[in-house]
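Asks: I'll drop the sequence and a predicted model, then ask my questions.
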Amino acid sequence: MQNVDAAGLGIGDDYPPRIMGVLNVSEESPYDPSVFNDAGDAAEYVDAELIDEGADIVDVGLESANKRFEVLSAEEELDRLDTALDVVESVSGDAVFSIETRYHEVAEEALSRGFDMVNDICGFADPEMPRVCEEFDAAVAKMASPPDLERPGAVEDVDDIYEALQMNGLTDKTIVDPAFGGWSEAKTLEDDRETFRRLREFRGLDRPILVSINRKNFLREFAGRSTEEALPVSLAATSMAVERGAHVIRTHDVRETRDAALIGEAFARDRVRTGGGVSVEELDATTPREVERHLERLGVEDDVTGDAVVRVFELDGLSAADERTVAAAASDGGATFVRGSDGGALLFGTPDALRATRAAADSPSDAAAAALDAVVSETR
């Protein structure tokens with residue numbers, strides 16, 4: 001995994017999870033506690049509620065990205081930039097300051113006058129954005145988006161999100177953001193949930209991952225909570241996101257989110273080993289599809305994903321005859337079947353071996369066939 005240096009702040013597998021607190025200088029923002037139009041008040045908020053609570057990065061928004069509002073032009077964003085710059089100059093705490101924008105003109109002005117980083121919510125739809133960030137040696141969060149400056153994040157299918165992040169390339173200091181949230185009427189809560197389930201796949205882009213999941217609909221619907229009541233579900237998802245490979249968590253609830261992120265990091269597997277001048281990284285890949293992303297990154301065209309991971313299944317309720325059928329099929333298919341002394345059994349192997357096991361089953365009973373079909377259905 002390629003780490004990113006954001007104005008001296010390390011982001012990636014070699015560093016702890018980073019917390020990005022949010023400040024809005026736009027009256028359209030739906031989250032009142034983070035909205036300011038007075039630089040002094042905003043600076044006090046940044047110091048007390050963001051930096052002192054553990055924010056490593058402060059992301060300053062000039063407009064709401066809510067699809068219900070008209071998109072500001074670059075000139076209108078520039079008109080609001082002075083307030084944001086006054087805030088940066090007035091803050092006493094130490095943090096990396098990120099400007100949220102879709103326009104290279106705004107990014108260039110902000111970087112030249114004190115900002116450290118860019119959060120591009122349109123994913124380089126402005127083709128000049130990568131050039132500006134590279135010229136200033138600035139880290140840039142690239143959110144998955146159609147190539148349209150007025151339609152940020154309106155991508156539904158996870159495969160399309162992955163492709164959108166690759167569109168217009170990645171700088172050496174790009175952080176990828178899969179764009180959670182209701183960016184279009186067509187994007188459903190289930191679309192976001194599928195993206196979250198498959199979060200590990202984005203590690204195949206070999207860049208740190210940013211997630212913005214704080215109090216999002218796709219989480220709070222599970223618990224039936226309003227936005228104001230949704231902090232607990234956000235914290236649960238934060239720990240899961242970090243364990244699945246997220247490196248930056250964008251949030252309005254800094255102190256609580258920091259703690260949740262640290263728990264996710266503490267119980268994630270240590271995947272990098274070094275010794276003798278060699279570094280070995282165990283890839284965080286649990287499904288063939290996740291392996292496929294890493295093969296794409298390395299330019300490997302061979303279809304070996306079915307041999308790249310091992311799945312383990314416990315089978316209960318099979319008769320002795322069914323167990324013999326499955327054991328014989330596993331032997332022929334290259335999987336392993338182990339009976340327990342007190343009933344039940346384990347069947348494990350690579351996805352290819354498990355599919356071969358199903359094909360090798362000789363006239364299985366309905367129960368044995370159902371068990372093997374269930375195993376195969378989970379090996380994609």
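Replies: Cool, the structure landed.
Asks: which secondary structure elements does the helix or strand that Glu89 is a member of contact?
Replies: Glu89 is part of helix 74-90, with elements assigned from DSSP states H and E. The helices and strands touching helix 74-90, judged by 3 or more CB pairs under 8 Å, 6 or more residues apart in numbering; DSSP states H and E, are helix 39-45, strand 57-61, strand 96-101, helix 104-112. Yep, even glycine has a C-beta here, placed from its N, CA and C like the rest.
Asks: buried stuff in the last one?
Replies: Neighbour-count burial for helix 104-112, with 16 or more other CB atoms under 10 Å as criterion, is recorded at His104, Glu105, Val106, Ala107, Glu108, Glu109, Ala110, Leu111.
Asks: Ser319: which of these is nearest?
Replies: Within these, the smallest distance to Ser319 is 66.4 Å, found for Ala107 (CB to CB).
Asks: go through the helices and strands packed on helix 74-90 and name the closest to Ala345.
Replies: Within the helices and strands packed on helix 74-90, the stretch nearest Ala345 is strand 57-61; the backing value is 49.8 Å (CB to CB).
Asks: what's the following helix or strand after the helix or strand bottoming out on mean pLDDT in the chain?
Replies: In the chain, no helix or strand scores lower on mean pLDDT, DSSP states H and E than strand 272-275, which sits at a mean of 76. Where DSSP H and E defines the elements, the next helix or strand beyond strand 272-275 is strand 278-281.
Asks: and the helix or strand following that next one, which residues are buried?
Replies: Later in the chain than strand 278-281, the nearest helix or strand by DSSP H and E is helix 288-298. Within helix 288-298, the residues that qualify as buried are Pro288, Arg289, Glu290, Val291, Glu292, Arg293, His294, Leu295, counting by 16+ other CB under 10 Å.
Asks: could I get these as a markdown table with pLDDT and distance to Phe196?
Replies: Compiled in a markdown table, those are given as follows (pLDDT from 0 to 100; distance: CB to CB, whole Å):
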| residue | pLDDT | distance to Phe196 |
| --- | --- | --- |
| Pro288 | 91 | 19 |
| Arg289 | 90 | 15 |
| Glu290 | 93 | 14 |
| Val291 | 93 | 19 |
| Glu292 | 92 | 19 |
| Arg293 | 93 | 16 |
| His294 | 93 | 20 |
| Leu295 | 92 | 23 |
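Asks: so what's His104 up against?
Replies: When contacts are counted by CB atoms under 8 Å, 6 or more residues apart in numbering, His104 touches Asp126, Glu128, Met129, Arg131, Val132.
Asks: what's the distance between the closest residue to Ile99 other than its chain neighbours and Asp160?
Replies: What sits nearest to Ile99 in space, not counting adjacent residues and going by CB to CB, 6 or more residues apart in numbering, is Ala110, at 3.9 Å. Applying CB to CB, to the nearest Å, the value for Ala110 to Asp160 is 30 Å.
Asks: about what we covered before: closest one of the buried residues of helix 104-112 to Gly93?
Replies: Ala110 (18.9 Å).
Asks: and that closest one, what does it touch?
Replies: Contacts for Ala110 (CB under 8 Å, 6+ apart) come out as Leu81, Ala84, Leu85, Ile99, Thr101, Val118.
Asks: now pLDDT and neighbour count too, for those residues, in JSON lines please.
Replies: Shown next, in JSON lines, are the contacts of Ala110 (pLDDT from 0 to 100; neighbours: other CB atoms under 10 Å):
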{"residue": "Leu81", "pLDDT": "93", "neighbour count": "19"}
{"residue": "Ala84", "pLDDT": "91", "neighbour count": "28"}
{"residue": "Leu85", "pLDDT": "93", "neighbour count": "19"}
{"residue": "Ile99", "pLDDT": "97", "neighbour count": "27"}
{"residue": "Thr101", "pLDDT": "96", "neighbour count": "29"}
{"residue": "Val118", "pLDDT": "98", "neighbour count": "29"}
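Asks: just flag the most distant two among these.
Replies: So for the contacts of Ala110, where distance means CB to CB, the most widely separated pair is Leu85 and Val118, at 14.6 Å.
Asks: possible to save the buried residues of helix 104-112 as CSV with pLDDT and distance to Ser341?
Replies: Below are those laid out as CSV (pLDDT from 0 to 100; distance: CB to CB, whole Å):
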residue, pLDDT, distance to Ser341
His104, 97, 67
Glu105, 97, 71
Val106, 97, 68
Ala107, 98, 65
Glu108, 98, 70
Glu109, 97, 72
Ala110, 97, 67
Leu111, 98, 66
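Asks: returning to what we had before: which among the helices and strands packed on helix 74-90 is found nearest to Gly333?
Replies: Gly333 lies closest, by CB to CB, to one member of these: strand 57-61, at 49.6 Å.
Asks: list the contacts of the closest one.
Replies: Contacts of strand 57-61 (CB under 8 Å, 6+ apart): 6, 9, 18-26, 29, 46, 50-51, 84, 87-88, 91, 95-100, 115, 117, 119, 248, 250.
Asks: pLDDT value on the nearest residue to Asn217 once chain neighbours are set aside, please?
Replies: Of all residues beyond its chain neighbours, the one nearest Asn217 is Leu189 (5.8 Å), with distances taken as CB to CB, 6+ apart. pLDDT, Leu189: 93.
Asks: what residues are up against Leu189?
Replies: By CB under 8 Å, 6+ apart, the contact list for Leu189 reads Asn217, Phe218, Glu221.
Asks: where helices are concerned, which of those count?
Replies: The helices, defined by DSSP state H, take in Asn217, Phe218, Glu221 from the contacts of Leu189.
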